[in-house]
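Enquirer: need a 3D model of the sequence below.
(2 chains)
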Amino acid sequence: MIGLQDCNNFYVSCERVFNPKLEGKPVIVLSNNDGAVVSRSNEAKSLGVPMGIPYFQIKLLAEMENIHVYSSNYTLYGDISGRVLSTVKDIVPDVEAYSIDEQFLDFKGMKHRDLFQLGLEIKNKVKQHTGIPTCMGIAKTKTLAKVANHIAKKSLTHGGIYVLEHKKLIETFLSLTPVGDLWGIGRQYVKKLGSFGVRTAFDLYKCKESFVRQQMTVVGQRLWHELHGTPCLPIEQTSKPKQNICTSRSFSALQTDLYALKEAVANHASACAEKLRGESSVANYVQVFINTNPHRSEDDQYANSHTWTLPVASNDSRDLVRFAFLALQKIFKIGYKYQKCGVIVSGLVPENARQLTLFESTSIRQEGPTPLDRMQDTRAMEVMDVLNKRYGSGVVKLGATMSTTQTEGWKMQRSLLSPRYTTKFSDIPVARCS
Amino acid sequence: MLEIYRPSFETVLYLPLYTDKVSAGFPSPASDYEEERIDLNQALIARPSSTYMVRAQGNSMVGAGIFDHDLLVVDRSLTAKDGSVVIAVVHGDLTVKRLRIRNEVGRGRTVVLAAENPDYPDIHVQSEDSMIWGVVCYAVRDLLK
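Expert: Here you go, the predicted model:
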């Protein structure tokens, strides 16, 4: 049996752990740049705030109804997510961290346990240890566990745990589930299946296996087996090695100036480099992309990207920034209002497995030391990482990433950010002795 | 009596300064007796996933040895008992108090969040459920300030 644990309104719940005043009040958390609503307390849901709605559309409502509004505090949410995961692992060792607020639990080897009671034990322990409320669906496969989780979340009578095992009940709940709500069924398939009269999960369940295979390839066939209780999607405990790392961000105000873009690109490239060093890998390719805002029909539209192959794979901020600049210069065009830019590093290999080139490219030589020179010069990055770790992120950084007054506008807007309660000494919560 | 330990901060601090030092001559006779160094993280934090740092503010708990601006190590996994120093939620604020649970004849079970300073009142509550945030394990004070 497999359990899917889901943290209730996770970002809001994280805020509430350290600010108990928010308990029982409408609370929402906004996405990057305070753009859209990404987490809502039940009180906010019942005021009719939809998921994903742009903040400006409900700003008045938020003010009138005293909704508490927060910017995304990913440092806090990431820390709490890790705590939830390790609390669960203390009870059930085989766990897949599926997303920041969902975990798949493998209950094999726990056949002697009443799974409802076990689920309740996990839920209570997570609540006590981390302060985060959760709910859990338990079933034979991941796909059915997801359906069971939905029942656990909506039901008021099961204490947040639902075990979906009885065949007739499975069929009943599948007939109440729109096929598009199933795990892995996208809009295209909903359309396609609809044309065959397949509208609910039960309709799909009743289809012949050969038909599903024909219409939805092997992916659909797997799903069909999962619906019938045969696990086809294993619990993946070790995260796959990353294929690439992307750092990108929308500007808080549209940018027209090359210098502003250069500064943003430099910041993104050095963030990528830092992540690479954190996992001891190096990248072979650096890609930069820029685009205007496609929703502003009054503006001229432009989007482009360019990829540089590094002469030697690197995780040195100076290399990545330099090559990112070269890529940016290739694609930057004056006269457009840019909304977003980003840097993607790919072709990742472990640091100790990197290939050296026999010949260094001469075209880049005149622009500074080559990555080969840099290989003997890793100390600077080490010292930079140590200092940033000890004294706080961004204490030491490359000159290219520094703000000048004319370039301030690219930065992320997070005006409603809560303190980093668990990761920064000056931000730890205060308890009153008065 | 004072026991003196050699502190270590290896869990957070990496100093690469001595990596190139080559020892010449006779090896140190102490090397056979080297042990792990004292690690405050290990000593004070039994369960990292449920432990939080909280700053104390005010003087109502001086009798329990908690002074203004002390750093409190709080473990949420521990169950609060009679006599535990706890972080409790009172009117939406985090508060430090001593938990007192009494079974008194004729009055039944009483739960009090007690201050440890006569200048501050105790708080009588209905039940400790849902208001205990965590149990305070250690108080760390800066004696240089």
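Enquirer: please name the bridge partners of residue B:102.
Expert: Beta-bridge pairing of residue B:102 under DSSP bridges involves residue B:110.
Enquirer: how about residue 139, phi and psi?
Expert: If you meant another chain, say so; for now it's chain A. Residue A:139 adopts backbone torsions of phi -160, psi -180, taken as degrees, to the nearest 10.
Enquirer: you looked at the wrong chain, it should be chain B
Expert: Per degrees, to the nearest 10, the backbone of residue B:139 is at phi -120, psi 130.
Enquirer: in a helix, residue A:421, correct?
Expert: No. Secondary structure of residue A:421 (DSSP: H, G, I helix; E, B strand; the rest coil): coil, not part of a helix.
Enquirer: need the nearest residue in space to it, chain neighbours excluded.
Expert: residue A:18 (4.5 Å; Cβ to Cβ, 6 or more residues apart in numbering or on different chains). To be clear about C-beta, it is placed using only N, CA and C from the backbone, and glycine gets the same treatment.
Enquirer: what's the answer for residue A:121, then?
Expert: Nearest one to residue A:121, counting by Cβ to Cβ, 6+ apart, is residue A:91 at 6.7 Å.
Enquirer: go ahead and confirm that neighbour touches residue A:124.
Expert: No. At 10.6 Å, residue A:91 does not count as touching residue A:124 under the criterion of Cβ atoms under 8 Å.
Enquirer: show the average pLDDT along stretch A:60-80.
Expert: Stretch A:60-80 shows a mean pLDDT of 92.
Enquirer: so it, near chain B or not?
Expert: No. Using Cβ under 8 Å from any Cβ of the partner chain, stretch A:60-80 stays clear of chain B, with a minimum separation of 9.8 Å.
Enquirer: which parts of that stretch are buried?
Expert: Buried residues in stretch A:60-80, counted by 16 or more other Cβ atoms under 10 Å in any protein chain shown: A:62, A:67-73, A:75-77, A:79-80.
Enquirer: next, residue 49: phi, psi?
Expert: Reading this off chain A. The phi/psi pair for residue A:49 (degrees, to the nearest 10) is phi -70, psi 120.
Enquirer: nope, chain B
Expert: The phi/psi pair for residue B:49 (degrees, to the nearest 10) is phi -70, psi -20.
Enquirer: what's near enough to touch it?
Expert: Counting by Cβ atoms under 8 Å, 6 or more residues apart in numbering or on different chains, residue B:49 touches A:82, A:83, A:86, A:87, A:90, A:129, A:130.
Enquirer: and for the fifth one, the neighbour number?
Expert: It stands for residue A:90. 14 (other Cβ atoms under 10 Å in any protein chain shown).
Enquirer: ranges for the strands of the chain?
Expert: Defaulting to chain A. Using DSSP state E, the strands of chain A run over A:2-7, A:27-30, A:37-40, A:68-71, A:95-99, A:102-106, A:134-139, A:161-163, A:244-255, A:281-292, A:303-314, A:338-346, A:349-350, A:430-433.
Enquirer: not quite, go with chain B.
Expert: B:7-8, B:38-39, B:51-58, B:71-75, B:85-90, B:93-104, B:108-114, B:123-125, B:132-140.
Enquirer: residue numbers of chain B in contact with chain A?
Expert: Residues of chain B lying near chain A (Cβ under 8 Å from any Cβ): B:12-14, B:16, B:47-50, B:52-61, B:66, B:68, B:71-72, B:76-77, B:87, B:89, B:92-96, B:115, B:120, B:133.
Enquirer: hmm, 7 Å instead?
Expert: B:14, B:49-50, B:52-61, B:66, B:72, B:76-77, B:87, B:89, B:92-96 (Cβ under 7 Å from any Cβ of the partner chain).
Enquirer: quick one: mean pLDDT over stretch A:108-120.
Expert: 89.
Enquirer: so how far is it off the chain centroid?
Expert: 30 Å (Cα atoms, centre = their mean, to the nearest Å).
Enquirer: now do the end-to-end distance for it.
Expert: Its start and end residues considered, stretch A:108-120 measures 17 Å (Cα to Cα, to the nearest Å).
Enquirer: how about residues contacting it?
Expert: With Cβ atoms under 7 Å, 6 or more residues apart in numbering or on different chains as the test, stretch A:108-120 has contacts from A:1, A:3, A:107, A:136, A:138, A:159, A:161, A:163.
Enquirer: quick one: least confident of the residues you listed?
Expert: The member of these with the lowest pLDDT is residue A:159, at 88.
Enquirer: neighbours of that residue, just the number please.
Expert: Residue A:159: 14 neighbours (other Cβ under 10 Å).
Enquirer: so who does it touch?
Expert: residue A:120.
Enquirer: same check on residue B:97?
Expert: Neighbouring residues of residue B:97 by Cβ under 7 Å, 6+ apart: B:86, B:88, B:113, B:114, B:115, B:123.
Enquirer: spell out which residues of chain A are next to chain B.
Expert: Selection of chain A residues close to chain B by Cβ under 7 Å from any Cβ yields A:20-21, A:83, A:86-87, A:128-131, A:386, A:422, A:428-434.
Enquirer: are any of those buried, and which?
Expert: Counted by 16+ other Cβ under 10 Å, these give A:20, A:83, A:86-87, A:128-131, A:422, A:428-429, A:431-433 as buried.
Enquirer: list just the nearest of the contacts of stretch A:108-120 to chain B.
Expert: residue A:159 (15.6 Å; Cβ to the nearest Cβ).
Enquirer: quick one on the thing from earlier: show me the two of the buried ones among the residues of chain A next to chain B that sit farthest apart.
Expert: A:86 and A:433 (30.6 Å; Cβ to Cβ).
Enquirer: quick revisit: what is the neighbour count of the residue nearest to residue A:121?
Expert: 14.
Enquirer: and it, what's its pLDDT?
Expert: 93.
Enquirer: residues contacting it?
Expert: A:121, A:122, A:125.
Enquirer: list just the nearest of those residues to residue A:53.
Expert: residue A:122 (32.9 Å).
Enquirer: the closest one against residue A:90, yeah?
Expert: No. Counting by Cβ atoms under 7 Å, residue A:122 does not reach residue A:90; the two are 9.3 Å apart.
Enquirer: okay, and the common contacts of these two?
Expert: Counting by Cβ under 7 Å, 6+ apart, residue A:122 and residue A:90 have no common neighbour.
Enquirer: can you find the helix or strand of chain B with the lowest average pLDDT?
Expert: None of the helices or strands of chain B scores lower by mean pLDDT, DSSP states H and E than strand B:7-8, at a mean of 51.
Enquirer: ok, back up a step: now, of the contacts of residue A:91, which are buried?
Expert: Those of the contacts of residue A:91 that meet the buried threshold are A:122, A:125, by 16+ other Cβ under 10 Å.
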